[in-house]
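Novice: Requesting a structural model of the entry that follows:
(4 chains)
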Number of protein chains: 2
Amino acid sequence: MLRMSKMTDYGIVLLTELARGEGETRTARELAERTRVPLPSVSKVLKGLQGAGLLVSHRGASGGYGLARPAREIPLTEIITALEGPVSLTECGAHGAHPPAGSCELERVCQVRGHWRVINRTIQDALGRLSLADLCAPVPRLIGLNTPNPNPATVGGVHS
Amino acid sequence: MLRMSKMTDYGIVLLTELARGEGETRTARELAERTRVPLPSVSKVLKGLQGAGLLVSHRGASGGYGLARPAREIPLTEIITALEGPVSLTECGAHGAHPPAGSCELERVCQVRGHWRVINRTIQDALGRLSLADLCAPVPRLIGLNTPNPNPATVGGVHS
DNA sequence: TTTAATGCGGACCAACTTAGTCCTGTTTAA
DNA sequence: TTAAACAGGACTAAGTTGGTCCGCATTAAA
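Specialist: Numbers count the residues shown, from 1 in each chain, chains lettered A, B, ... in the order given. Below is the predicted model:
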């Protein structure tokens, strides 16, 4: 588990497809055909991405969707956040510094909260270092993610 | 979103409580009282952790639960995996190398899959570097998670 | 030997979430 | 004027989740 929703998954597939077309706008139908994602779902996801400012839409005949920014400037975190809210493994870390008071009834006794901030931040950093453009590149091992430290941008810098 | 289930959250709270007692066994009731987690849920979670080999249980009067290993040797990934299955943002990366054939109907056309392997691996690594013992330590900034890395690639800050 | 405390295993349910469908607008190029 | 396309919902079926409850098995201690 610990999964993204299917819609988010779709969203990423659709965005990469769009990004491959560099600047071209695509209709929902077209994207559905290319990616095999069912059209109504495509439509729903694209609406969401448009609302979040990642896509621009053109209505009317020969309308469609296009990236609002170059793929290089769209971090993966932003995509995920747009489609399923803040990236945070726990409820209590999701709303910035102050969770709505009382939202976690264990607040008073919970000894672990402080750590989640760090963990969530780590994951956000890891995801944030990948851009949509990276996801379009054919080779999967482009970034020195785990490989012990070829460059400074190693994800998370967790290495004790 | 991208949340752990509440049960997993409970599990971690319970384990840290247990770890604080170094070697002592605790009854489910006792843990429920200390953590304010409802007893039936405590019971359910502890059963799960026992089944996964993280806890040992002693039945009968004056029984209870204890850690199966020193807290230092229990990585966070293992806890999460025990309670909600493999840590993987996407379905298709969850079952090791081969997803059950056909489980993802986009398999043929999906251009993104390779990347998920890397991303999932990254998150697993990040979580795996923290042990239960780390979560018990009072100070949250013990590990140089982000700090040694004041580089510009920070994105995550979705919610300030 | 009896008793009471404790974990074990499962069935069960209500509430919520998710994915997917569908419909009626509105906009716009041709 | 028309048809293609997005906008914004309402709606539904299926699945998941959190939580409750029960009877059984085990065991320390009285």
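
Novice: contacts, neighbours, all on C-alpha from now
Specialist: OK.

Novice: Now do the helix or strand containing residue A:114 against helix B:113-128, angle only.
Specialist: For residue A:114, the enclosing helix or strand under DSSP states H and E is helix A:113-128. Orientation check (axes from the mean of the first three to the mean of the last three Cα atoms, to 10 degrees): helix A:113-128 against helix B:113-128 gives 160 degrees.

Novice: for the record, mean pLDDT for helix A:113-128?
Specialist: Helix A:113-128 shows a mean pLDDT of 86 in the predicted model.

Novice: Enumerate the residues of chain A near DNA strand D.
Specialist: Proximity of chain A to DNA strand D (Cα under 7 Å from any atom of the strand) is limited to residues A:1, A:26-29, A:43-44, A:46-47, A:50-51, A:57-65.

Novice: Just those residues: which are in strands?
Specialist: Using DSSP state E, A:57, A:58, A:64, A:65 are the members of those that sit in strands.

Novice: Pull the distance from the helix or strand following the helix holding residue A:114 to the chain's centre.
Specialist: Note on helix A:113-128: by DSSP H and E, the next helix or strand toward the C-terminus is helix A:132-136. Computed by Cα atoms, centre = their mean, to the nearest Å, the chain-centroid distance of helix A:132-136 equals 11 Å.

Novice: In terms of secondary structure, what does helix A:132-136 contact?
Specialist: When contacts are defined as 3 or more Cα pairs under 8 Å, 6 or more residues apart in numbering or on different chains; DSSP states H and E, helix A:132-136 sits against helix A:6-20.

Novice: looking only at pLDDT, what's the mean for the helix it packs on?
Specialist: Helix A:6-20 carries an average pLDDT of 94.

Novice: again, but for stretch A:70-89
Specialist: The average pLDDT within stretch A:70-89 is 94.

Novice: Return the set of buried residues in it.
Specialist: A:71, A:74-83, A:85-89 (16 or more other Cα atoms under 10 Å in any protein chain shown).

Novice: Run through these and flag the ones next to chain B.
Specialist: Restricting those to those near chain B by Cα under 8 Å from any Cα of the partner chain leaves A:75, A:77, A:78, A:81, A:85, A:86, A:87, A:88, A:89.

Novice: Tell me which two of these sit farthest apart.
Specialist: Greatest spatial distance among those (Cα to Cα): A:75 and A:89, at 18.8 Å.

Novice: Taking the buried residues of stretch A:70-89, tell me the two that lie furthest apart.
Specialist: Using Cα to Cα, these span at most 26.4 Å, a distance reached by A:71 and A:89.

Novice: per-residue confidence averaged over stretch A:44-56?
Specialist: Mean pLDDT, stretch A:44-56: 96.

Novice: Mind listing what's buried along it?
Specialist: A:45, A:46, A:47, A:48, A:49, A:50, A:53, A:54, A:55, A:56.

Novice: Let's see which of the ones next to chain B among the buried residues of stretch A:70-89 end up in helices.
Specialist: Of those, the ones assigned to helices by DSSP state H are A:77, A:78, A:81.

Novice: which of the residues you listed are close to DNA strand C?
Specialist: Residues shared between these and the neighbourhood of DNA strand C: none [Cα under 7 Å from any atom of the strand].

Novice: of these, closest to chain B?
Specialist: Using Cα to the nearest Cα, residue A:77 comes nearest to chain B of these, at 6.2 Å.

Novice: from what I can see that closest one touches residue A:121, true?
Specialist: No: applying Cα atoms under 8 Å, one finds residue A:77 not in contact with residue A:121, separated by 11.3 Å.

Novice: just to revisit the earlier point, tell me the one among the ones in strands among the residues of chain A next to DNA strand D nearest to DNA strand C.
Specialist: The nearest member of these to DNA strand C, counting by Cα to the nearest atom of the strand, is residue A:58 at 6.4 Å.

Novice: Model confidence for the residue nearest to the closest one when sequence neighbours are not counted, exactly?
Specialist: Spatial nearest neighbour of residue A:58, chain neighbours left out: residue A:64 (5.2 Å); criterion: Cα to Cα, 6 or more residues apart in numbering or on different chains. Residue A:64 carries a pLDDT score of 95 in this model.
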